[in-house]
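let's see this in three dimensions:
(one chain, ligands or ions: 1)
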Amino acid sequence: MAEVVLEKVTKTFGGTVALDNVSLTIPNGAFVVLLGPTGAGKTTMLRMVSGLDKPDSGEVYLGGRSMKGLSPAERNVAMVFQQYSLYPHLTVRQNLEFPLKSPLLKTPRDVIERKVKEVAEVLQIAHKLDNKATALSGGEMQRVSIGRALVRNPEIFLMDEPLSSLDAKLRADLRIELKRIQAKSGATLLYVTHDQIEAMTMATHVGVLNEGKLVQFGSPREVYEQPVSVYAATRLGQPHINVLPADLFAGAPASAKSIGLRPEHIAQGEGEEALVKRVEHLGDQTRLHLAFKKHDLITVTDTHSPLRGGETIRIQPSRPLYFDAVGMRLA
Ligand SMILES: Nc1ncnc2c1ncn2[C@@H]1O[C@H](COP(=O)(O)OP(=O)(O)OP(=O)(O)O)[C@@H](O)[C@H]1O
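Next comes the predicted model:
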C-alpha cells in the first residue's frame, strides 16, 4: 500500500503544458479515475508517477519517499497501457511469469506457478497459457498485459484505458475483477478511462483534468452532485447534464449565467410546458428528448411511460446547479 503525492508538478513538451502545477494527495488504497478529454494530461500524470518521464519542476512521493532520480524499475509500480506490450516470441505463460522471474524478486517456482494460474483464471485466459502471444486476439493480448501487472503485487498500479479494446461483456466482467483485486491487495490504483460507467462504478476518487490543471478531486458522487464548474459537471453522467441559460426558469440567483440540470433532476407534472420530441425506451430506463423554450433537453421517466412524441408535459427543476459567466459553480 502506498500514498501517492504530487507536489506542484509541471511538465511541458515544447510549447505544450501537459501538467500545470498539479498538487494532489491520493490516499493509500484509493482507486482513482482520471477524467478529461484527449490532451488533458492524464497519461502524462501516470508517466510522472511511473518514472517513465520526469517533471520539469515539482516532486512525486510514493509511500512517503521522494522519487527524484528513481527509474521505473526502482519504484514499486506496475503499468498497463492501452496498447498491449507483450513479448511476441514467448507463450502466454512465459509472458505472465516474466515479471516474477526478475533476479531481484527471487520468487520460488511453486509461487510463480500458483500466481500465474490464479491470474490466468481471473482474466479468463487459462485455456490459452501455452499459446504464443502472437496467436491471440487483441482482447486476449490486452488481458495478458493486465495479467503481467497483476502477478507482481505492486504497491501502485497505473492503468491507461486497459479495457478499451475489450468487448462489452468482458469489460463488465473485468471491471468487477479489477475492483475486487485492487480492494483485496490494498494497492493504490490510478486509472485513465473515457468510460463513464467505469468511472462511476470503480473509483473511490475521481480527478478531473483540464488542460493540464487538476480542477476537481473527490468521490465520484461528490463530483457528480457538487461539480465545481460546468466543465467538471459534464465529465460525469450519461446522458450528459443539461446546461441551459439560467433565466429559462424562475428562481435563478442574479449572478447565474447558466443552470445545470442532471436528467433525473427535472420534475414532471408541474411547472412550464415542454414538448416531447422523442421517447427512447432503453429497457432499464426511458429517456425523453424535450424542447423547452427553443432549447433541447434530456430527462428520464418511468420505464413503462406511455408518453409519445408530440405530446406536452410540464417540467420544473428539482435540484438545479447554477454557474457564473465563466462556468464556475455558484454556492
Ligand atoms: N512525448 C510528448 N511529446 C510532445 N507532446 C506530448 C508528449 N506527451 C504528451 N504531449 C502533449 O501533452 C498534452 C497532454 O498529453 P496526455 O497524453 O497526457 O493527454 P491525455 O489526457 O492522456 O490524452 P488522451 O486521452 O488522448 O490519452 C497533449 O497536448 C499532448 O500532445
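
low-confidence regions, the stretch 1-150 of the chain specifically.
For the stretch 1-150 of the chain, applying pLDDT under 70 flags the ranges 1, 83-84.

and this protein, which of its residues are near the ligand?
13, 16, 18, 36, 38, 39, 40, 41, 42, 43, 44 (C-beta under 6 Å from any ligand atom). No exception for glycine: its C-beta is placed from N, CA and C like everyone else's.

tell me which strands the host helix or strand of residue 206 pairs with, and in which orientation.
Per DSSP states H and E, residue 206 falls inside strand 205-210. Strand 205-210 pairs in its sheet with strand 31-35 (parallel), strand 213-218 (antiparallel), by DSSP bridges.

deepest in the core, which of those strands is it.
Of all the strands paired with strand 205-210, strand 31-35 has the most neighbours on average by mean count of other C-beta atoms under 10 Å, namely a mean of 23.

list of residues touching that one?
Contacts to strand 31-35, defined as C-beta atoms under 8 Å, 6 or more residues apart in numbering, come from residues 26, 42, 45-46, 179, 182-183, 188-194, 198-199, 202-209, 220, 235-236.

return the subset of the residues of the chain next to the ligand lying in strands.
Among the residues of the chain next to the ligand, the ones falling in strands (DSSP state E) are 13, 16, 18.

okay, now the nearest residue to the last one once chain neighbours are set aside: neighbour count?
Put plainly, it is residue 18. In space, and not counting its chain neighbours, residue 18 is closest to residue 44: 4.1 Å by C-beta to C-beta, 6 or more residues apart in numbering. Other residues near residue 44 come to 23 when the count uses other C-beta atoms under 10 Å.

just checking, residue 44 touches residue 20?
No - with contact defined as C-beta atoms under 8 Å, residue 44 and residue 20 do not form a contacting pair (10.4 Å).

before we move on, back to that, mind checking which of the contacts of strand 31-35 are in helices?
Within the contacts of strand 31-35, residues falling in helices by DSSP state H are 42, 45, 46, 179, 182, 183, 198, 199, 202, 220.

now do the helices in the protein.
Using DSSP H, the helices of the chain run over 42-50, 92-97, 109-122, 138-150, 168-185, 196-202, 220-225, 230-233.

any idea how far the residue nearest to residue 260 when sequence neighbours are not counted is from the ligand?
Excluding its sequence neighbours, the residue lying closest to residue 260 (C-beta to C-beta, 6+ apart) is residue 321, at 3.9 Å. With distances taken as C-beta to the nearest ligand atom, to the nearest Å, residue 321 is found 25 Å from the ligand.

swap in residue 52?
10 Å.

ok, residue 219 next?
Per C-beta to the nearest ligand atom, residue 219 is found 21 Å from the ligand.

ramachandran angles for that residue?
phi -70, psi 160 (degrees, to the nearest 10).

closest to the ligand among the ones in helices among the contacts of strand 31-35?
residue 42 (3.6 Å; C-beta to the nearest ligand atom).

what's the neighbour count on that closest one?
Counted with other C-beta under 10 Å, residue 42 comes out at 25.

re the thing from before, and the residue nearest to residue 260, what is it in contact with?
Contacts of residue 321 (C-beta under 8 Å, 6+ apart): 227, 233, 241, 259, 260, 261, 329.

I'd say the first one and residue 216 touch.
Yes - if you go by C-beta under 8 Å, residue 227 and residue 216 touch, sitting 6.8 Å apart.

re earlier: quick one, the strand holding residue 206 and helix 42-50 angle?
With axes from the mean of the first three to the mean of the last three C-alpha atoms, to 10 degrees defining the directions, strand 205-210 sits at 120 degrees from helix 42-50.

so what touches strand 205-210?
By C-beta under 8 Å, 6+ apart, the list of residues contacting strand 205-210 reads 24, 26-27, 30-36, 40-42, 45, 199, 214-220, 223, 231-232, 235-236.

only alpha carbons, please: show it as CSV.
Below are the C-alpha coordinates for strand 205-210, written out as CSV (Å, rounded to 0.1, in the frame of the first residue of the first chain):
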residue,chain,number,x,y,z
HIS,A,205,-11.9,9.1,-6.1
VAL,A,206,-12.2,11.0,-9.4
GLY,A,207,-9.6,13.5,-10.6
VAL,A,208,-10.8,15.9,-13.3
LEU,A,209,-8.1,17.4,-15.5
ASN,A,210,-8.5,20.3,-17.9
